[in-house]
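*Asks:* okay, structure incoming, though there's no sequence with it:
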Ligand code: CA
């Protein structure tokens, strides 16, 4: 008891080999232990605006939440509500901005965020970016993709293999900013020393398998961001690619 986790982390985003712009964005703050990946969509500059604005709002909200609750620890339900509120705060702001600027109409973004607080990792998630936990040589996907194909896989209408090749595999069923509010998944897990957490956009997980991600992280640690982005690009790099890798290190308090 009494120990808490410090982190070291690296993030990398790349526009890939085909697209002219990068609509992905990320934030990696090891001091605050807040990590966010967002994958924007929408014509013109919409995708970039949606992902960057969302990240800015969520990071600022978390700074404020952590500052306000330094003295008394938050309960898990309180933390889930605050994270969900923050993603909805971002959704409302992106939605309102799209109303003000017609050329940004219809923009939206995925958001996957992780907050390490004390001995727990709290996360909130909308869309098809992912959070993975890597522990003792194994990789676990903590988030579920909010995508048409993954819902069909869950319903038994498509196999995993069919989903990977499916024309509509990029269609997501929930997003931040497309409407004023969205249903946000939240959860937590107890962090253990030497855990790795990896957040990424579909530009990575669509090109590099979970097992390959796992083996790169155990070979290179947080510096696996470089070979992972290279692998996605070598395989075509049709999408923007973003990855943030966090390592939990125990710190006595
Ligand atoms: Ca993408």
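*Replies:* Happy to help now that I have it. As the structure is a prediction and not an experimental result, all values here were calculated from the model. Residues are numbered from 1 along each chain as shown.
*Asks:* please make it C-alpha for all contacts and neighbour counts, starting now.
*Replies:* Noted.
*Asks:* ranges for the helices of the stretch 51-200 of the chain?
*Replies:* 76-100, 148-154, 160-165 (DSSP state H, counting those that start in this stretch).
*Asks:* most packed of these?
*Replies:* Highest mean neighbour count among the helices of the stretch 51-200 of the chain (mean count of other Cα atoms under 10 Å): helix 76-100, with a mean of 20.
*Asks:* can you check the pLDDT for the closest residue in space to residue 135 that isn't next to it in sequence?
*Replies:* Among residues not flanking residue 135 along the chain, residue 195 sits closest, at 5.1 Å (Cα to Cα, 6 or more residues apart in numbering). Looking at residue 195, its pLDDT reads 98.
*Asks:* confidence score at the most centrally placed residue in the chain?
*Replies:* By Cα atoms, centre = their mean, the chain has its centre lying nearest to residue 112, at 2.7 Å. pLDDT recorded at residue 112 is 98.
*Asks:* could you pull up the residues touching it?
*Replies:* By Cα atoms under 8 Å, 6 or more residues apart in numbering, the residues touching residue 112 are 36-38, 123-127, 129-131, 199.
*Asks:* please apply the same query to residue 120.
*Replies:* Residues near residue 120 by Cα under 8 Å, 6+ apart: 188-191.
*Asks:* which stretches in the stretch 151-253 of the chain count as strands?
*Replies:* Applying DSSP state E, counting those that start in this stretch to the stretch 151-253 of the chain gives strands spanning 185-190, 196-200, 241-252.
*Asks:* tell me the strands beside the last one, with direction?
*Replies:* Strands that pair with strand 241-252, judged by DSSP bridges, come out as strand 3-14 (antiparallel), strand 196-200 (antiparallel).
*Asks:* counting neighbours, which of the contacts of residue 120 end up buried?
*Replies:* Neighbour-count burial (16 or more other Cα atoms under 10 Å) applied to those gives 188, 191.
*Asks:* which single one of the contacts of residue 120 is nearest to residue 148?
*Replies:* Distance to residue 148 across these (Cα to Cα) is lowest for residue 188, with 24.9 Å.
*Asks:* leaving out sequence neighbours, find the closest residue to that closest one.
*Replies:* residue 122 (4.3 Å).
*Asks:* again, but for residue 28
*Replies:* Closest to residue 28 by Cα to Cα, 6+ apart is residue 35, at 4.7 Å.
*Asks:* how about residue 26?
*Replies:* Once flanking residues are discounted, residue 26 sits nearest to residue 37: 4.4 Å by Cα to Cα, 6+ apart.
*Asks:* how many neighbouring residues does the one you found have?
*Replies:* 33 (other Cα atoms under 10 Å).
*Asks:* any idea how far it is from residue 154?
*Replies:* According to Cα to Cα, to the nearest Å, residue 37 stands 24 Å off from residue 154.
*Asks:* residue contacts, residue 199?
*Replies:* Contacts for residue 199 (Cα under 8 Å, 6+ apart) come out as 36-37, 112-113, 129-132, 243-245.
*Asks:* tell me the most packed of these, by neighbour count.
*Replies:* The contacts of residue 199, ranked by neighbours (other Cα under 10 Å): first place residue 37, 33 neighbours.
*Asks:* hmm, residue 198 and it touching each other?
*Replies:* No - judged on Cα atoms under 8 Å, residue 37 makes no contact with residue 198 at a distance of 10.0 Å.
*Asks:* wait, isn't residue 204 in contact with residue 236?
*Replies:* No - counting by Cα under 8 Å, residue 204 stays clear of residue 236, with 11.1 Å between them.
*Asks:* more neighbours: which of those two?
*Replies:* A side-by-side neighbour count of residue 204 and residue 236, using other Cα under 10 Å, places residue 204 first with 26 against 12.
*Asks:* now that one, nearest residue through space, not along the chain?
*Replies:* Spatial nearest neighbour of residue 204, chain neighbours left out: residue 241 (5.4 Å); criterion: Cα to Cα, 6+ apart.
*Asks:* can I get the strands of the stretch 151-253 of the chain in CSV with distance to residue 19?
*Replies:* What follows is the strands of the stretch 151-253 of the chain, written out as CSV (distance: least, Cα to Cα, whole Å):
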stretch, distance to residue 19
strand 185-190, 30
strand 196-200, 18
strand 241-252, 11
